[in-house]
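>>> Got a predicted structure here, sequence first:
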Amino acid sequence: NTADPVYNIFPNIKTGITLSSATGSKFHGTATTAEYADLAEMYASDKAYEPGTVVMIGGTAEVTECANEQCQEVFGVVSTEPAYLMNSAMEGTGVAVALSGRVPCKVIGAVRKGQRLVVSSTPGVAKASDTNDWKCIIGRALEDKTTEEVDVIEVVVGVK
């Protein structure tokens, strides 16, 4: 049983450096940390949506932004940069929808850390709620927000 040969084509690797090779060599390694921590999948969308936008299944493609308050068709949040992306070779207009894990999300109004989030009346934006109706819950806030305007906070999706 022989190991693959080791090539010294990346002699000085530092944090924030992207590895690439003109020779087509492969890099095999183990990640010890991730900057982002969500599981996402590409879905066809009726237009390009900003990361943090709350989406539902529907519209002229597979997903569109949610526009109905406490929408029970809520599906997920457009991911910023997923740790794991399924269906990444999809062609055409699409968005990476975070299905589980931590992701930035657009939120309006005050939010308490741990509070459940649902769709607000502002398209693509969540709001805090004390509902127990799991069908309209997007996830839970991971931080407090004290302002009333739309802002982006970190949330965990896939958790009711």
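Nice, I can see it. Residues are numbered from 1 along each chain as shown.

>>> now residue 147: how far from residue 64?
27 Å (C-beta to C-beta, to the nearest Å). Every C-beta, even on glycine, is put in place using the N, C-alpha and C of the backbone.

>>> try residue 148
From residue 148 across to residue 64, the span is 26 Å (C-beta to C-beta).

>>> of those two, who's got more company?
A direct count of neighbours by other C-beta atoms under 10 Å for residue 148 and residue 64 places residue 64 higher, at 23 against 9.

>>> The strand or helix carrying the more buried one - contacts with which helices or strands?
Element membership of residue 64 [criterion: DSSP states H and E] is strand 63-65. In terms of contacts (3 or more C-beta pairs under 8 Å, 6 or more residues apart in numbering; DSSP states H and E), strand 63-65 is packed against strand 54-57.

>>> Now do the longest strand along the chain: distance to the chain's middle.
What stands out as the longest strand in the chain, according to DSSP state E, is strand 94-108. Averaging C-alpha positions (C-alpha atoms, centre = their mean, to the nearest Å) puts strand 94-108 3 Å from its chain's average.

>>> Mind listing the strands it pairs with, and their directions?
In the sheet, strand 94-108 lines up against strand 37-44 (antiparallel), strand 74-78 (antiparallel), strand 126-129 (parallel), strand 151-157 (antiparallel) (DSSP bridges).

>>> which element follows it toward the C-terminus?
Scanning forward in sequence from strand 94-108 by DSSP H and E, the next helix or strand is strand 116-119.

>>> Which strands and helices lie in contact with that next one?
If you count contacts as 3+ C-beta pairs under 8 Å, 6+ apart, strand 116-119 packs onto strand 126-129, strand 139-141.

>>> can you list contacts of it?
Residues outside strand 116-119 that contact it (C-beta atoms under 8 Å, 6 or more residues apart in numbering): 54, 56, 66-71, 74, 105, 107, 111, 125-131, 136-141, 155, 160.
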